[in-house]
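**Q** With the sequence up front, the predicted model follows.
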Amino acid sequence: MAVDGEPMKATLAAHPFSDPGWVFERKLDGVRATVRRTPRGATLTSRTGRRMENYPELVEAFEAESAQEFVADGEIVAFEGARTSFEKLQGRLGVADPRLARLTGIEVFIYVFDLLELEGRDLTGLPLRERKALLKANLEFHGPVRYTPHRNEKGEKLFLEACRKGWEGLIAKRAGSTYQHRRSRDWLKIKCAFEQELVIGGFTPPKGSRQRFGALLVGYREGEDLRYAGKVGTGFDHHTLARLGDKMEALRQSRCPFTAGSSLPRDATWIRPELVGQFGFSEWTRDGKLRHPRYLGLRDDKRASEVVRERPSEAGPE
């Protein structure tokens, strides 16, 4: 199939808006995936190009589709009640053997929102509305494969509904935009709460009854620097402490990886800055630190070198 490259990504927007030239989708708290269906079968690929083996039921559902050749874009999720939960999905992300994936008891779904190729035809140059119409007309959405619904123009109303329901937010997409293999202002993410991907560069020793480590020391790329963004000491259960502790022990080094930022703890153990975590927080402080941060899980679909501080853009309808 001709379509290849990284998936299209959204830019963080500061405010919700309404515009007839845009469509609005629920922002899902999961893992991005590209599905490739050929007459030989289906494969799932992460946004970093890694083959995803731990969702066999999703592969089987795509292989049950009548369409034999297509490339589609979607988000893999697990639910906690009516909300998608990246924390719950962690139980699947850590399973190396696909034969054991279903034994976790964690039910997963994939919400498909774009169609990039169909029967050998590259669709990326078509307007978004046309791609969505082709997606809905040509896939049957078996079992855990779901079509991502959208609304037209009334973004502000939908944003209020989303936040009341405890959703992560909205994705706004310019209805006439083509599919670009990069981050674009034609797709905007509007969040109800703050989350940020950060690189783990070290940890502090445990205190009291806690095992393995106390707090994670995290940061983000700023040019050539890894800027320190603070300590994260909440959001860990016993399983997470053990699993994450093992991963960090394997990356120990004597040198501090942070080359910018202030107030680094003196009692830290440093690690090679390769692990990327997802963190919730209330706000950024004036000196560039996270306020009230909480660990949500590890991301294996993003390289540490790509992690930068997300800053809201005033991008929106022109």
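**A** Happy to help now that I have it. Only a predicted model underlies this, so the values are computations on that prediction, with no experimental measurement involved.
**Q** Tell me the spacing between Pro273 and Glu69.
**A** Relative to Glu69, Pro273 is positioned 40 Å away (CB to CB, to the nearest Å). In short, each C-beta sits where N, CA and C put it, glycine included.
**Q** scratch that, Leu58 is what I was asking about
**A** Distance of Leu58 to Glu69, given as CB to CB: 18 Å.
**Q** Which of the two has more residues huddled nearby?
**A** Leu58 (24 against 14; other CB atoms under 10 Å).
**Q** Was I right to think the more buried one contacts Pro144?
**A** Yes - contact criterion CB atoms under 8 Å: Leu58 and Pro144 qualify, at 5.9 Å.
**Q** and for these two, which residues touch both?
**A** Here Leu58 and Pro144 have 108-110 as joint contacts, going by CB atoms under 8 Å, 6 or more residues apart in numbering.
**Q** I'd like the residues you listed laid out as TSV, including pLDDT and distance to Thr285.
**A** Formatted as TSV, the shared contacts of Leu58 and Pro144 follow (pLDDT from 0 to 100; distance: CB to CB, whole Å):
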residue	pLDDT	distance to Thr285
Val108	96	36
Phe109	97	37
Ile110	98	37
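**Q** Top of these by number of neighbours, please.
**A** Neighbour counts for those (other CB under 10 Å) peak at Ile110, which has 28 neighbours.
**Q** Assign a three-state SS to that residue, would you?
**A** Secondary structure, DSSP: H, G, I helix; E, B strand; the rest coil: Ile110 is strand.
**Q** can I assume Cys192 is in contact with Trp167?
**A** Yes - if you go by CB under 8 Å, Cys192 and Trp167 touch, sitting 6.5 Å apart.
**Q** Between the two, tell me which one has more neighbours.
**A** Set Cys192 next to Trp167 and count neighbours by other CB under 10 Å: Trp167 wins out with 21 against 18.
**Q** Just the local confidence number for the nearest residue to that one once chain neighbours are set aside, please.
**A** Counting by CB to CB, 6 or more residues apart in numbering, Trp167 lies nearest to Arg26, which is 5.8 Å off, once chain neighbours are set aside. Predicted confidence (pLDDT) for Arg26: 95.
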